[in-house]
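1. What follows is a predicted structure for the sequence shown.
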Amino acid sequence: MSDDNWRPQIVAFVCQWCTYAGADLAGTSRIKYDPNVRIVKLPCSGRIGPLFLLKAFEQGADGVLVSGCHPGDCHYVSGNLLARRRFTVFRELLIFLGLEPERLQFSWVSAAEAVKWTEVVDAVTAQIRALGPRRQGWGAEARLQTSNSKAQSLEAQPGTRNLKPGTQKAVEEGIRRIARQLLQTGEAGVIVGYGNGTLKDVTTPLFVTEPEGVEQLVWNERCLNNLSVYLTREPVTRLGRVGIVAKGCDARALVALLQEHQIERDKVTIIGVQCAGMAENGRLAARCAVCDVHTPPLYDHLVEDRALDTGDWAEGDPRDREIAALEALTPAERWAYWQEQFARCIRCYACRAVCPLCYCETCIADKTQPQWVPPAFDARGNLSWNIVRAFHQAGRCIGCDECARVCPAHIRLDLINRKLALLIRDAYGYRAGYDATVAPPLTTFRPEDRAEFIR
Amino acid sequence: MMACRMLRPEKLEEWLAELLRSERRLIAPQRQGEDVVFQPVQTVDDITLDYINTRWPVKAWFFPPSEPVLRYRYQGSGVELEQPNMALEPRVIFGVRPCDAAGLAILDQVFNSDGEDEFYTRRRTMTTIVGLSCTHPAASCFCTSVGLSPTASAGSDLLLTPMGDAGYLVETLTARGEQLLWEYGHYFAAGECRSKEAVTEAAEARMSRQAALAQGIELSERLFEHPIWAEVARKCLGCGVCAYVCPTCHCFDIVDDSDAWGGVRCRNWDSCGFSLFTRHASGHNPRPQQDSRYRQRVLHKFSYFPQRWGRLMCVGCGRCVTNCPVNMDIYATAQAVLQVQGVKHET
Ligand code: SF4
Ligand code: SF4
Ligand code: SF4
Ligand code: SF4
Ligand code: SF4
């Protein structure tokens, strides 16, 4: 920094039992240390939600420090261990979006560690001072400004493979046969499936309540919608017990909904369909390239695709190369890339509407007291909305890519989701939507979870 | 009086280049990834004519998604107010399709109904719209069904219609258009005024959606309470896409985006598809589910608005149809509702 007088504004969120007591001890011991940190005291690091950290950045903090009791010392037994996973994922998310890691720091400081506290504060302050003020996009001056940064454009990395349609007609017949049977026997009051859309090459969600209606059910490589979103929608469930047509990725959403107690297993009949892959813009959809659920992980009836051939589909998800390309950029370049993407967001919340796992009665983005997500559709508000959406899906997103498909601004939500899914797979050995009996990764912990970034 | 001129194909680029050098800001369709969007022009080479329609309607250049109506800062025990800077250079928006231009004509009525909306109107008066007729409508287009056409002139100040090798037929429709034509008269050849009828007919013949919806929907209690709404809206997920891509939707919400030091009072786009749209402070919501919300959308466009303003509030651009996550189709819905109402229509 050329300006020697510049003082960073740093917000520290600390727990009251350990770090706050440690900071208090530093004060009563009259240890001199950097005065640029404002402390916010909370009961436990488990209560230091990522939204608080985001709020601090939003309102102009140049850096944020989070500190709590050492693992094993939590006064509420495991608050800090749960928080550790959230901090890990949230930090990685922000780094992926281009935040310099030095701006968001974490430490464990006990009530006795007055000296450690002052050392942490001094070190964090020095690092942030060296970085200079926060980037465009946060702070009051970002209000109602949109980013005009020219972003480094990613080289498009489309999948090269063309589709291999299976025996669609036979599958379609299979779906109809089971649907008819379910409606005739009364096992289902409504079948949620796909019908022909009003435009060529488009299918649409279809609700069939009469056995004669099953002839309208279709199956082809354009059945993109994840229909499981309707299982938590009263206008659909009021029609009766649901029978749902599910591809593998849709069935993963059903697993996640069961896991989160949003649906009851015995109140839904799943017509699983072996799926050879869906088409987007005439090409195999990116997620299908790495699909391991061509046969759904959960079903009551299975419609087989006898021509299903997944043998040579091993070349990987094209998006992993895009993610790697983004990670190879400097934080500033990555920040510019995402600012340019989010500048296009018009807050239509279609990404939320189509997501089977966005079932909250009132979304945090719609809460007004307090207003957690800034309402203006500007650099700051759009960034916060996209961070909140992504983080709320971390460890839950089953990768159906519906959000990215429907985003009218073509924001690469799929890259963010996949980045977080890979992170969680590698860090916690967890992939969403395979096993309804285990705890989702951010609601649990292991004592040995690693987090080397915590001081 | 409508005057017409011709613009030779090779003159178009020259004219745009000169506009770019003028004190007017030139806004024109440009590529952005897989889309074409209106953007301020840096170089004429960036302008594309290869689009059926732009990703977003042109309305955002007059009624932005989010705009400040007031800024405030807490000062001691008081509040310091700051009006937004409304200074605006004159602008030309080139390449507006007839449906989107007609959308502006609709917004003009709305934003000047109970007094004048200074934010909208100021941008309108500073902007000249150069429309560009369509020759190859998309499968989702249905402007003729709602009383417009691929070469309709409503809302444009100048309208260019491609006439093959002869270039563009230029219609001057307003004083603003007249002014622009007068300033750049040397690009436009006076001469024989040709009819665009053949172009219109050819374009219309390419349209696959040709129902008669222009008469609108006649509201009755029976229709309002009819089960058709619950049926068509069952799959609607309640997002803001259909309203935000629509050239005529104009609902907004005024909210404070504030923090410890002050804030901005901003006017944001809003959508009748959202549950929050009608939720009262008490928690009561007079439109509790998607059926009543979607009914509002359809009836506002096809019944309430025509009752008040004598024209439909849908210009048939088809954006809501192609962008809806679940293929809700207002064209199909309007036909179905008319059928319930007992009106015969052609498909
Ligand atoms: S991810 Fe698998 S189950 Fe889902 S659409 Fe692609 S191939 Fe089918
Ligand atoms: S779908 Fe896209 S534009 Fe709409 S709110 Fe989500 S990210 Fe923003
Ligand atoms: S976040 Fe997107 S990809 Fe993940 S489950 Fe929801 S809609 Fe599907
Ligand atoms: S009609 Fe489609 S675009 Fe409109 S709110 Fe419903 S789901 Fe969203
Ligand atoms: S309602 Fe749909 S088709 Fe009609 S003008 Fe609006 S976006 Fe276009």
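-> Now that the structure is in, tell me what you want to look at. Ligands and ions are numbered 1, 2, ... in the order given.

2. can you pull out the strands in the stretch 101-250 of chain A?
-> Assigned by DSSP state E, counting those that start in this stretch, the stretch 101-250 of chain A shows strands spanning A:104-108, A:190-196, A:203-208, A:242-246.

3. quick one, phi/psi of residue B:69?
-> Residue B:69 has phi and psi values of phi -100, psi -10 when expressed as degrees, to the nearest 10.

4. need the contact list for it.
-> B:84, B:119, B:254, B:265, B:266, B:267 (Cβ atoms under 8 Å, 6 or more residues apart in numbering or on different chains). All C-beta spots, glycine's among them, are computed from the backbone N, C-alpha and C.

5. Now do the helices in the chain.
-> By default, I'm working from chain A. A:19-28, A:50-58, A:79-96, A:114-131, A:168-185, A:234-237, A:248-259, A:318-327, A:331-343, A:350-354, A:379-393, A:402-406, A:413-428 (DSSP state H).

6. wait, chain B
-> Secondary structure of chain B (DSSP H): helices located at B:9-21, B:98-110, B:118-125, B:175-183, B:197-205, B:221-224, B:228-233, B:241-244, B:290-299, B:305-309, B:319-323, B:330-341.

7. Restricting to C-alpha, output the fourth one in PDB.
-> It refers to helix B:175-183. Extracted in PDB, the C-alpha atoms of helix B:175-183 (Å, rounded to 0.1, in the frame of the first residue of the first chain):
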ATOM      1  CA  ALA B 175     -40.700  14.200 -34.300                       C
ATOM      2  CA  ARG B 176     -37.700  12.600 -32.700                       C
ATOM      3  CA  GLY B 177     -37.300  10.300 -35.700                       C
ATOM      4  CA  GLU B 178     -37.800  13.300 -38.000                       C
ATOM      5  CA  GLN B 179     -35.000  15.100 -36.200                       C
ATOM      6  CA  LEU B 180     -32.600  12.200 -36.500                       C
ATOM      7  CA  LEU B 181     -33.400  11.800 -40.200                       C
ATOM      8  CA  TRP B 182     -32.900  15.500 -40.700                       C
ATOM      9  CA  GLU B 183     -29.500  15.500 -39.100                       C
END
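
8. which other residues reach it?
-> If you take Cβ under 8 Å, 6+ apart as the criterion, helix B:175-183 is touched by B:3, B:5, B:92, B:128, B:129, B:130, B:156, B:157, B:158, B:170, B:172, B:188.

9. ditto for stretch A:370-380
-> Under Cβ under 8 Å, 6+ apart, the answer for stretch A:370-380 is A:51, A:55, A:58, A:136-139, A:142-147, A:339, A:342-343, A:345-347, A:364-365, A:381, A:384-385, A:388, B:65-66, B:255-258, B:264, B:266, B:268-269.

10. close to chain A, is stretch B:298-305?
-> No. On the criterion Cβ under 8 Å from any Cβ of the partner chain, stretch B:298-305 is out of touch with chain A, staying 14.9 Å away.

11. In stretch A:61-73, which residues are buried?
-> Going by neighbour count (16 or more other Cβ atoms under 10 Å in any protein chain shown), the buried part of stretch A:61-73 is A:61, A:62, A:63, A:64, A:65, A:66, A:67, A:68, A:69, A:71.

12. picking that back up, next, format the strands of the stretch 101-250 of chain A as CSV and append distance to ligand 5 and mean pLDDT.
-> Listed next are the strands of the stretch 101-250 of chain A as CSV, based on distance: least, Cβ to the nearest ligand atom, whole Å; pLDDT from 0 to 100:
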stretch, distance to ligand 5, mean pLDDT
strand A:104-108, 41, 95
strand A:190-196, 20, 98
strand A:203-208, 16, 98
strand A:242-246, 28, 97
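
13. re earlier: for the contacts of stretch A:370-380, which PyMOL command selects only the ones that are buried?
-> Of the contacts of stretch A:370-380, the buried ones go into a single PyMOL selection, burial set by 16+ other Cβ under 10 Å:
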select buried, (chain A and resi 51+55+58+136+137+138+139+142+143+144+146+147+339+342+343+345+346+347+365+381+384+385+388) or (chain B and resi 65+66+255+257+258+264+266+268+269)
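
14. Tell me which of the helices of chain A sits nearest to ligand 3.
-> The closest of those to ligand 3 is helix A:402-406. By Cβ to the nearest ligand atom, the value is 3.3 Å.

15. quick one: pLDDT of residue 330?
-> No chain in the question, so chain A it is. Here, the pLDDT recorded for residue A:330 equals 92.

16. The chain in question should be chain B.
-> 97.

17. residues touching the closest residue to it other than its chain neighbours, list them.
-> In space, residue B:330 comes closest to residue B:320 once its chain neighbours are excluded; the distance is 5.7 Å by Cβ to Cβ, 6 or more residues apart in numbering or on different chains. Listed by Cβ under 8 Å, 6+ apart, the contact set of residue B:320 reads B:241, B:242, B:243, B:245, B:246, B:328, B:330.

18. that older thread, quick check: the two most widely separated of the contacts of helix B:175-183?
-> The most widely separated members of the contacts of helix B:175-183, counting by Cβ to Cβ, are B:3 and B:92 (18.7 Å).

19. For residue B:281, give its distance to residue A:368.
-> From residue B:281 over to residue A:368 the distance is 10 Å, taken as Cβ to Cβ, to the nearest Å.

20. neighbour count winner among those two?
-> Using other Cβ atoms under 10 Å in any protein chain shown, the more surrounded residue of residue B:281 and residue A:368 is residue A:368, with 12 against 6.

21. Could you pull up the residues touching that one?
-> Counting by Cβ under 8 Å, 6+ apart, residue A:368 has no contacts.
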